[in-house]
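[1] let's see this in three dimensions:
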Amino acid sequence: MEKKTKRKPREPKDQNTVNSYVELAKVLGVTRQTLHRWSKVDGSPTSSSDGRHSISEWRTFMASNDLSGRSHDIDSLKSRDLLAKCEERELKNAIRRGEFVSVEEVRTVWTSLISQSLQMLEKALLDELPPILAGKEPIEIRNELEAALNEVRRLVHKGEGLTP
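    Predicted coordinates for the structure are as follows:
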């Protein structure tokens, strides 16, 4: 009859440690490469004599060094870069379709409109209206001036008759 040897009961797995950098990186929400880079920082946790890594020590280290898996994660950075490139292409396409205009183009047109409006007001107020208004009552003068201002407002608002 064979003698059966008793097996040692397995010790319950420590919920605060993992066996490898791959497992640790997964628990911490970072890539293995990021974890490897952090392990070179002074004061980073080292593995125990049996090769296990303490999750709580790493979380404390991350918090004390203001490290975040999300912001340093290479995949996350690649995703953000790709999103930025897509948004830039969408903007360029929208500009080509005429949905948006550049700030410089707006500035050029606006400057031109204001310049033409001022010229129109100057001509009306200094050259055309004084002879017309001579001898009129104050209320009539005010009405004539308001009509000239309203004409300039209409042109500036709609851009009618004004070209850059």
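
[2] okay, CA-based contacts and neighbour counts for the rest of this
    Fine.

[3] what about L82, distance to G29?
    According to CA to CA, to the nearest Å, L82 and G29 sit 20 Å apart.

[4] higher neighbour count, those two?
    Using other CA atoms under 10 Å, the more surrounded residue of L82 and G29 is G29, with 15 against 12.

[5] and the pLDDT for the more buried one?
    As summarised for this prediction, G29 has a pLDDT of 85.

[6] swap in S39?
    Confidence score, pLDDT, at S39: 88.

[7] list the residues that contact it.
    Residues near S39 by CA atoms under 8 Å, 6 or more residues apart in numbering: 45-46.

[8] helices of the chain, start to end?
    21-28, 32-38, 55-64, 69-72, 74-96, 103-122, 129-133, 138-158 (DSSP state H).

[9] Throw the ones you listed into TSV and include distance to S48, thanks.
    As requested, the helices of the chain are exported to TSV (distance: least, CA to CA, whole Å):
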stretch	distance to S48
helix 21-28	13
helix 32-38	16
helix 55-64	11
helix 69-72	23
helix 74-96	27
helix 103-122	60
helix 129-133	94
helix 138-158	74
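
[10] of all the ones you listed, which lies closest to P45?
    Proximity to P45, assessed across the helices of the chain by CA to CA, is greatest for helix 55-64 (6.2 Å).
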